[in-house]
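**Q** I would like to see how this sequence folds:
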Amino acid sequence: MENKNIIPRDSAEQQVDLFLDFYDIDTDEDASDTNHRNMLKASKNKLIKHVMRGRVEISENDDGDVVVKQTLKFPVNDVDHLEYKVLGGIAKKQMKNAEDSDYSGKVYNLCGSLTGWTGNSIAKLKGVDLSVVECLGALFLVV
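**A** Numbers count the residues shown, from 1 in each chain. Coordinates of the predicted model:
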């Protein structure tokens with residue numbers, strides 16, 4: 001997978017909008033302050049870029065749930081993709097395993113729970129793979 005776009009921007013935006021609509025996320029309204037708003041918008045824009053590059057695919061399954069599939073640029077053992085389940089309370093409870101001030105730890109534990117990995121396993125991802133996790137995590141945290 002090279003650093004070139006394989007999905008048109010409008011299609012990528014539609015996929016990200018599907019995700020945001022499913023979770024009722026508004027990057028302007030759901031932010032607690034200007035810095036948070038900028039971070040949410042940056043996460044949304046980076047997620048669009050990741051979709052355009054083929055690193056993330058967001059779709060709706062037959063049950064109407066949003067499915068997020070991440071293709072790893074740097075596979076771990078025999079795993080070349082992660083699939084994120086729909087966010088629920090059990091996954092959010094996993095954030096308790098990180099200190100209140102440990103934003104990354106909360107994101108890794110949350111995304112780990114959604115993918116069936118541990119937070120420590122997620123933390124071992126590198127480069128663009130970790131960037132995808134952090135973009136998704138930032139958005140998941142406002143749900």
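
**Q** give me the residues contacting the helix or strand where residue 16 lies.
**A** Using DSSP states H and E, residue 16 sits in helix 9-22. Identification of contacts with helix 9-22 by CB atoms under 8 Å, 6 or more residues apart in numbering yields 7, 25-27, 44, 47-49, 51-52, 56-60, 65-66, 68, 139. For every residue, glycine as well, the C-beta is placed using N, CA and C.

**Q** longest strand of the protein, counting residues only.
**A** Ranked by residue count under DSSP state E, the longest strand found in the chain is strand 66-76.

**Q** circling back: I'd like to check the angle between the helix holding residue 16 and strand 66-76, please.
**A** 110 degrees (axes from the mean of the first three to the mean of the last three CA atoms, to 10 degrees).

**Q** rounded mean pLDDT for helix 9-22, please.
**A** Mean pLDDT, computed over helix 9-22, is 98.

**Q** next one: stretch 29-42
**A** Across stretch 29-42, the average pLDDT comes to 91.

**Q** now do the buried residues in that stretch.
**A** Of all the residues in stretch 29-42, those buried under the rule 16 or more other CB atoms under 10 Å are 30, 31, 40.

**Q** specify which member of the residues you listed is nearest to residue 93.
**A** For those, the minimum distance to residue 93 (CB to CB) is 20.7 Å, reached by residue 30.

**Q** what about the contacts of helix 9-22, which are in helices?
**A** 44, 47, 48, 49, 51, 52, 139 (DSSP state H).
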